[in-house]
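**Q** following is a predicted model, sequence given first.
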Amino acid sequence: MKINQVIREKRKELSLTQEQIADYLGVSTPAVSKWEKGSTYPDITLLPALARLLKTDLNTLLSFHDDLTDIEIEDFVDEVDQTVREQDYDAAFQKAIRKIQEYPTCEKLIYSVTLYLEGALVLYNAPEAPQYRETFEAFYRRLSASENPEIKDTATSMLISYARNRGDFAEAEALINALPFSSIDREEQSAILCQQQKRYQEAEKIWERRVLNGVTGIQTALLNMLEIALLENQEKDADFFADRYESLTRWFCLPEWMRYNAHLQLALARKDKDRSLSVLQKMLSAMKQEWAPQDCPLYRHTDAGSSTFFSGKLTQAITDELANDEEYAFLRGGPEFEELLAQRKA
C-alpha cells in the first residue's frame, strides 16, 4: 500500500475529513487532496505530526511494512512468467526488479521472484547477462538474514552454491560451518502429532512431501557419486550408480523421462555417440507423456499439477543445447542426430 492510500484509508477509519486534516496540520485542503491522489507528497517535516494524527507510525505511513499477500505474490510471479513467454526474459527481469523496488522489504516477494527468475533462466534457455546472477546473489544475501527459517535456509543454500561455482571454497565452507544444527526434526514431529490427533490427511501430506524430498535427495547423491566414480576411473561403480538411479526413479513413480538422466550423463561423459543418441531418443519421447503425481499413492495429496508444460519447455531447452552446445558437438553430423532433431521439431 502506497503512502497516498495509507493517508486516505487511515483518515476514513478515523472519520476525519480532508478539511479537518488540513486544519490540524496547517495546510490547505487541496494539498491534502493531492496527497491522497498521489500527485504530491507531504513535506517531510509534517510526517511525524501526520502519523500521530492518523494514529499510526512512520513505518506504516511510509509503506515500509510488507503488505503483499501470498496470493498477490503468486499472481505476480504468474505475471512475470507470462512476460517471459510473451516478450522475453529481460523484460520479465526488469518487471520483477521494479516490483521489488516498490516493496523492498517484502521478503516473500523477493524470495519467490528470485527463485522463479533463477529457474526460468534454465527452463526458457534465456541468454544470460552478468547482471542477472549478480542481482540474484545480492537478494540471497539479504534474505540470508531473514527470520523466516525457510527463506533463510534456502537463501544460504543458494549462496553456498554461488560460492562453490565461482571457486570461492573458503566462503562456501564458512557458510556451511555457520549453519545451525538441531537434532529435532520439526516436520517429523508435526506428522506424528497429526497422526496421534487423527488428522490423517495432514499427516499423510507431510509424509508424502518427505518421500518426494528424500527421493530427490538420493537422486542428487547418486548423480554426484556417479561423477566421482568417472573422475576416479571406477567404471563399474559408475554403471552401478546409473542403474540404481534408474531403478529408484521407477520405484518411486517419478516422471519416466527422469529415469534416463544418469545413463545420459554416463554416455555423454564416455563420448559414446550411439548410446547417447539412444538414451536421448527415449528421454525426449518420454517427455511427451503427462505426469500427474496424484495418480500414485505416494503423492496422492500433493499440490503439484501436471508436468506437461514443464517437460515441454525442458524438451525445447535440450533441443537447443543439442544443436548449439559444445558438450553435444560429438553427436552431430550423422543421420541419427538429424533425425532426432527433426522429430523434436515435428
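**A** Nice, I can see it. This is a predicted model, so every value here is computed, not measured.

**Q** which residues of this protein score low on pLDDT?
**A** Scanning the chain for pLDDT under 70 picks out 1, 63-67, 183, 303-312, 344-346.

**Q** work out which residue lies at the spatial centre of it.
**A** When CA atoms, centre = their mean is applied to the chain, the residue found nearest the centroid is L115 (2.8 Å).

**Q** element containing it?
**A** L115 is part of helix 107-123, with elements assigned from DSSP states H and E.

**Q** other residues contacting the host helix or strand of E150?
**A** Element membership of E150 [criterion: DSSP H and E] is helix 149-165. Residues from elsewhere that reach helix 149-165 (CB atoms under 8 Å, 6 or more residues apart in numbering): 107-108, 111, 115, 118, 133, 136-137, 139-146, 169, 171-172, 175-176, 178-179. To be clear about C-beta, it is placed using only N, CA and C from the backbone, and glycine gets the same treatment.

**Q** list the contacts for the nearest residue to E227 once chain neighbours are set aside?
**A** Leaving aside its sequence neighbours, E227 sits nearest to Q265 (CB to CB, 6 or more residues apart in numbering; 7.5 Å). Residues counted as contacts of Q265 (CB under 8 Å, 6+ apart) are 223, 226-227, 242.

**Q** which parts of the helix or strand harbouring R98 are buried?
**A** In this assignment (DSSP H and E), R98 forms part of helix 89-102. Neighbour-count burial for helix 89-102 flags 89, 92-93, 95-96, 99-100 (criterion: 16 or more other CB atoms under 10 Å).

**Q** and which of those is nearest to L231?
**A** Y89 (33.6 Å; CB to CB).

**Q** list the residues that contact that closest one.
**A** 120-121, 124, 126-127 are the contacts of Y89 under CB under 8 Å, 6+ apart.

**Q** go with 7 Å
**A** By CB atoms under 7 Å, 6 or more residues apart in numbering, Y89 lies in contact with 120, 124, 126.

**Q** and after the helix or strand hosting I7, which helix or strand comes next?
**A** Per DSSP H and E, I7 falls inside helix 3-13. As assigned by DSSP H and E, the chain's next helix or strand after helix 3-13 is helix 18-25.

**Q** quick one: the helix or strand following that next one to helix 18-25, angle?
**A** Downstream of helix 18-25, the next assigned helix or strand under DSSP H and E is helix 29-37. Put simply, helix 29-37 runs at 110 degrees to helix 18-25, going by axes from the mean of the first three to the mean of the last three CA atoms, to 10 degrees.

**Q** quick one: helix 29-37 to helix 3-13, angle?
**A** Between helix 29-37 and helix 3-13, the angle comes out at 110 degrees (the same axes, to 10 degrees).
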